[in-house]
Structures are given as structure tokens and as C-alpha cells.
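In: Pasting the sequence and the predicted model now:
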Amino acid sequence: MNQPASAYFIEERHDPNETHTLAVLVQNEPGVLARVIGLFSGRGYNIESLTVSETEAQKHLSRITIVTTGTPMVIAQIKNQLDRMIPVYQVVDMTQTRRSIERELAMVKVRGQGEHRVEALRLADAFRARVIDATTESFVFEITGNTDKINQFIDLMRPLGLVEVSRTGVAAIGRGPEGM
Amino acid sequence: MSDKSHDPNQMTGAAMIVRALIDHGVTDIFGYPGGAVLPIYDEIFQQSEVQHILVRHEQGAGHAAEGYARSTGKPGVALVTSGPGATNMVTPLTDALMDSIPLVCISGQVPTHLIGNDAFQECDTVGITRPCTKHNWLVRDVNDLAKVLHEAFYVATSGRPGPVLVDVPKDVQFATGTYHPPRKSDVHRSYAPRVKGDAAQIRKAVALLANAKRPVIYSGGGVINSGPEATRLLRELVEVTGFPITSTLMGLGAYPASGKNWLGMLGMHGTYEANMTMHDCDVMLCVGARFDDRITGRVDAFSPGSKKIHIDIDPSSINKNIRVDVPIIGDCGNVLGDILQVFKAEAKKPDIKSWWQQIAQWRARNSLYYKKSSDVILPQHAIQSLFEATRGRDTYITTEVGQHQMWAAQFYGFEEPHRWMTSGGLGTMGYGLPAAVGVQVAHPDSLVIDIAGDASVQMTMQEMSTAVQYELPIKIFILNNQYMGMVRQWQQLLHGNRLSHSYSEALPDFVKLAEAYGAVGLQVHKPGDLDGAIHEMITVKRPVLFDCRVAALENCFPMIPSGKAHNEMLLPEQANDEATAKAFAGGKALV
């Protein structure tokens, strides 16, 4: 383990990474998303997926759903760093603290003719994807599901003439009667 | 005329700013005028409750406000214009964020209709300062201004203190709106720092402390930030438990250096006894410190056998660098009070005699030893002489960053909190001189000394002009070795003594420079002349630049070489060329 002479203590960390989905309830005010994203880039955290929208207009509340990866210590750091931001009401680790449902929506454009076209339609049906646009040589499918399911569908469409994908990113909510 | 014109709360945005300062008890601010803050300066001109100190560079305003804040416990306030005024504040804001200093910066901005147009002296101030403030605001409506200003003061001073910035476009300063005095609803409902520690955690902590065989208390700047009560409680806890105590650079003065349980500072240039005690302890109580990398050394070898209790008001400090066993989130003073109460009710002073005997052996190594000379002034000797000459006086010390800073921390004994102003986290060269300006403004009759290096002090030298203008008799005590000493030391130890750009080929004549500013210049070469010159520096009631010529190649020891643990310190008596080379060569290969 040869490393350069340094004024810092350089060490490699070997803890395994985990993927967590965090729901962050924030005051919807100018710059709030920049604060959250800036925290991730500034401190070197990963963003795998990011979804944000106002959820309670009257209270000016927005919900940011972030899928991130890191060691357990880093994940805990991320939650604490988010939680101490002034406009952040609440940070909930959807992966850790409750059983939750995650969904993502994707629109998938596929171009092809003949057998490929028929096959694409057949697979879309199996995945419960809806056709939301069609021409004689293309389809746009709308598919909803968890990230794995959407990845799988996109992989299947690739050899059948995949042209373009647009995804919303992950939204998550806890199961059961309780709110966040 | 409408009734509104008689409403005393109807006023311009500029007037609101001055009014809010008064409502928050601000008596002194540091600033520099410019196009985008002229309406505020016009208001300042027409009142006398808030004194404005004109600095020579906005960075100076920021550090002066920091010095003011740290020496008083009150928030420091800086006022700067848009564009370059705001960007020059980035260093002090970051410095204050790293060291948890309450700072309120008000910046002017171009008029709202010009924002985004690359107007003259426009920059995205809230964007630039977002990562270097605890929070910041751009105020687009004059009717939001009062609320934002009050919230700004609250956020800066509550919880873990820190810098905030309020960016006010010029048209908002001119516009008339309604002011209101501070009220609770001004604050985000989402912001509620936790002050009281969890009772169950406190019991766990007391159980650990009561059964400790080899305990240590490791305190930090959080104790000082928490206020005088936290300092009093920390001292009482040391008294009640009989535990040894060490502290970070930021925490010096919370426990008196003359106290019998004091181990000295810990960390990279801390004492041998402090670091060994940390390494070998079985219970560590960390109060208001954050396990910074200058403290821990190699984290996987940091105090391997201890149970760790960590008190911090900021949950993100917990388990950031070092995993602890009993985290307690809350205000240091509040939690210390609870711990003491439970300890006194349920525990008795543990018998740790054999631990103290062990510590005495480490102390006997005399890790701050240096060899005095009659020909050349050793920097350590200079600090000791300064300490002796000012002992018992009402003294405040600021520093720049580098070797002189570490020597000041090692050799100047602090008896009280708020007496030691240094840039710890960010390590800002050029901090000390403007910080001294701020301290002297807050304490006009006290002795304020900036222990400086010849390189650092030139970064903000222009503030001598501020000191002269406001008759602030600050003493700039320069340990002049003609090098960037700490850079040179690292180059010697780690880069084959290739002294790349760490020597100042052309230093100014500091005596003439002082005179050019209208201050007093003193210079000393010989150890025999030192005490007399220090006496003269202290006695003269004007700003002084003191050019103390010291041994050029002295290194700062003891030292934890990079990548080593606390128990692998390099002590001064071992630090001959061969041993040093070996210690650091090993570091090179292993780290």
C-alpha cells in the first residue's frame, strides 16, 4: 500500500456500500434544492436518483426523494447532514426505518418493424406497460414499477429497437396507515 | 398624507437593517462601502448607536467580526457590497463555519431587475456562499426583510453557531415596508436545535465515568461556544471526578492551563502526555469537539481500547470520523449539568491513582523541550517570554496559521475561555491581524496580541491602517524566521528538504512598514534584548509591529507523523536528523 507523503492521514476504506432511499421533507423556498444537491456534491456523496416536487402547496412543503449509496457510516452522515439544514423538516430513511414501496415511471420509445415490433408489444403487455404513442414504425411505452423492473424492461427493448428513455426517478412511500 | 407615514415601523429596507442591528444589541460592525450598499451606509451616517469600523479589505471585516464574536460570545457583524465585496467574504465565512463562530454578514446586491443580467459588480452571492454559511437568504421583498434579519441572528447564534449571510438588493434597501421587532415566528419551523441531552444516555455516560480506571476528558470549542456556564461545569466535573483533561486547539482556556489536571493540548502537535492518555484510556468523554483529523491521527489506531462518550449539539458530528459508544446530542453546558447532577447523586470519585502515576511518567518525557540559545531567539522562548510578561494581565491572543500558531498553543497558558482566537478548522493565514482588530474593538482597554508569522501577517497587513485609524493598540508579535515555517518543516520532513517556494526572498522592513502605517515598529535579534522589547511593546499605547527575529530552521515538535497513531509521536529529543528521517520515511511507505 504505497501512498505519497502527505499532511493528511490517507487511508482506504473497505466497508461495503449500501443503497438507501431517503425521503426529505423541506420548506419549498428558493434555493432549497440547490442546498440539498450542493451537500451531496460538496461532501462527495452519491446520488443515484433524485425526485422532487411540491407535495403540500398550502404549507409550502416539498418532498425530495433521493436514492444514494454509501457505507452505513456515510449513510448516517448523509441523514444527519440533511437534517441539520435549516429548511429541512424531516429525513426518513425509507430503506431502514419502515417497509416502503418504491415506484418509478419511464417512457420508452422503441422503433422497429415486423417481428421486432410484435415482440416489443408482447413484452410490453407482459410488463403491463401501456402504449401512449404509436406510429407505423414506433411505440412509446409507459411503464411504472420499481427500478429493477424498469431496468429489466429497458434491457429487453434494447435489441428490439430502443431509441430513447425518459425516467422520473424514484418516489417512495411507507406501507400502512401511518404518515411520515 | 396617509396614516402609514406616521407608523414608526414604516421605513426603508436600509433603515430596517440598522434598526435590526440595534434591536439585536449590536454596537459595532465591520465593513466596507460600495455601490450596492450605499443606502445602508447613508443610514449608518445618520445615527450613532451602531459604530462602523472601516476596514481595508472585506476579508479583514470578516475576520475582525470573527475576533469580535469569539472574544465576546456575541455575534460578529460584517457589511459588504455586492460582487467583489461578497466574494472577499468567502474566506471568513468558511473560516467561521469550520470553527462554529456566530457571524452575520449583510451584503448588498444589484437591484432585483438586474439580477441574472451580469450587471456591474453582480455575482451569485447566495450561490457562492451557500456551502460556506450555516444558512443564507436573498431578500426580494422589503416586507420580508425584518423577518429574515431576525432569523439570521437567531440561526447564527443558536444550536451550533455559525456564519449566515443576508443578501439585500439595492432596490429593496430603497423600498419602504413594514418593520417588526424580533419575534418567535420569524424562524423556520423546521429549525429546532436540540439542547437537552437524552436522560438514558446521560445515565449510561455516568455509569462509564464512575467505573473508569483510565479516564480522560477531551474538550473542544463547543464548551466555549456554549457559554460561561459550560466552562464552569466542565471545571466542576474535572474537580468532582479527578479526571485528567486535554483539549483541542479550539478549546484552550475552558480548563485553565495552570490547573493540576491539565495535560496540555492534544493532537498532531499536542503534548506527549495528552496523546498517550488519549491512546491508552479506557473511557473517553469528548465534550464539544469533533474528532478532527489533526486530533485523531490514524483513525483505525485511535484510542483503540476505550469506550467513548460524545457530547455535541450537532448530530452530524456524531460518528462522522470515530464511532462512539454513547452519543449525547445536546448543548455542552446543559448536558454537563445533567451529568454532574447524576454523577454527584449516584457515583463517587473513582480511584485512578495508578493512572495518574502512568501520566506522570509520560509528563516526565518533557515533550515540549527545546534547547535555548544565547545567540539566537528560539521561537518557543519568545512565546514563553511573551507569556511571562503578560501573565496576570487582561490579555487576548490571536494568531495566524503555521508554526507560530502551534508554538503559541503549546507555550502560552490560557486560564479563561474567549481569550484565544485562532483559525483552527480552515487554517486561514492572515486571520490573526484583523481578528485582533475585532477583539480590540470589543475590549478597548485590554491587551490584544496577534502572535504572527512573517508570511501569514503579510496576507492581511493592510488592516494595520484600520488599527491606526481607530487607535486600536493591537500588538503584532511576528516570529520572523523568513520562511513559511510549517510548509518548510513539511518539505524538510516529507519532501527531501526541497524547499520549494517556502522562503520569502524579499521581506519588508517591518519597522519601516509600521512607521509607514503610523504605528510603532520594534525589532529584536538577541535573546538578551527580548524582555525589554516586549515590555516596550506592552507599554506603548499604539499599534505595534514587533519583528522578532527567530531561529530560521526550528521545527515544531512533538509531532505525530502522518499516518501514525497517538503513541507513535516524535519527541523533540528524538528528533535528530536520522530519527526524523526514519520516522517519516516509514510514514511514506506505510501511509
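Out: Cool, the structure landed.
In: CA only for contacts and neighbour counts going forward, please
Out: OK.
In: Quickly list the domain ranges of chain A.
Out: Split into domains by automatic domain parsing, chain A comes to A:15-97, A:101-174.
In: measure the shortest one end to end?
Out: Okay, so that is domain A:101-174. Using CA to CA, to the nearest Å, the end-to-end distance of domain A:101-174 comes to 6 Å.
In: now that domain, how far from the chain's geometric center?
Out: How far domain A:101-174 lies from its chain's middle: 17 Å, per CA atoms, centre = their mean, to the nearest Å.
In: What of the first one?
Out: Average the C-alpha atoms of domain A:15-97, do the same for its chain, and the two points are 11 Å apart (CA atoms, centre = their mean).
In: again, but for stretch B:369-387
Out: With CA atoms, centre = their mean, you get 25 Å for stretch B:369-387.
In: mean confidence score for that stretch?
Out: Computed over stretch B:369-387, the mean pLDDT rounds to 96.
In: in it, what's buried?
Out: Neighbour-count burial for stretch B:369-387, counted by 16 or more other CA atoms under 10 Å in any protein chain shown, picks out B:370, B:377-387.
In: Format these as a markdown table; extra columns: secondary structure and distance to chain A.
Out: Formatted as a markdown table, the buried residues of stretch B:369-387 follow (DSSP: H, G, I helix; E, B strand; the rest coil; distance: CA to the nearest CA, whole Å):
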| residue | secondary structure | distance to chain A |
| --- | --- | --- |
| B:Tyr370 | coil | 23 |
| B:Ile377 | strand | 28 |
| B:Leu378 | coil | 25 |
| B:Pro379 | helix | 22 |
| B:Gln380 | helix | 23 |
| B:His381 | helix | 26 |
| B:Ala382 | helix | 27 |
| B:Ile383 | helix | 25 |
| B:Gln384 | helix | 27 |
| B:Ser385 | helix | 30 |
| B:Leu386 | helix | 30 |
| B:Phe387 | helix | 30 |
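In: Would you mind naming what in chain B lies close to chain A?
Out: Contact residues, chain B versus chain A (CA under 8 Å from any CA of the partner chain): B:130-131, B:134-135, B:188-191, B:293, B:297-298, B:314-316, B:319-320, B:490, B:494-495, B:562-563, B:587-591.
In: Mark which of these are buried, thanks.
Out: The buried subset of the residues of chain B next to chain A (16+ other CA under 10 Å) comprises B:130-131, B:134-135, B:188, B:190-191, B:297-298, B:314-316, B:319-320, B:490, B:494-495, B:562-563, B:587-588, B:590-591.
In: B:Arg488 is in contact with B:Gln403, correct?
Out: No. B:Gln403 is not in contact with B:Arg488 according to CA atoms under 8 Å; the separation is 9.8 Å.
In: wait, doesn't B:Met250 sit right on B:Tyr218?
Out: No. Using CA under 8 Å, B:Met250 makes no contact with B:Tyr218, being 11.6 Å away.
In: So those two - more neighbours on which side?
Out: A side-by-side neighbour count of B:Met250 and B:Tyr218, using other CA atoms under 10 Å in any protein chain shown, places B:Met250 first with 28 against 24.
In: which residue packs closest to that one, ignoring adjacent ones?
Out: Using CA to CA, 6 or more residues apart in numbering or on different chains and skipping the chain neighbours, the partner closest in space to B:Met250 is B:Gly221 (4.6 Å).
In: repeat for A:Gln81
Out: Counting by CA to CA, 6+ apart, the residue nearest A:Gln81 is B:Ser316, at 5.5 Å.
In: Okay, the residue in the stretch 101-250 of chain B positioned nearest to chain A and A:Ile86: tell me how far apart.
Out: Residue nearest to chain A within the stretch 101-250 of chain B: B:Ser190 (4.4 Å; CA to the nearest CA). As judged by CA to CA, B:Ser190 and A:Ile86 stand 6 Å apart.
In: With B:Phe174 instead?
Out: Counting by CA to CA, the gap from B:Phe174 to A:Ile86 is 28 Å.
In: Neighbour count for these two, which is higher?
Out: Neighbour count, other CA under 10 Å: between B:Phe174 and A:Ile86, A:Ile86 has more, with 22 against 18.
In: The more buried one touches B:Pro193, doesn't it?
Out: No. When contacts are counted by CA under 8 Å, A:Ile86 is not listed as touching B:Pro193 (9.8 Å).
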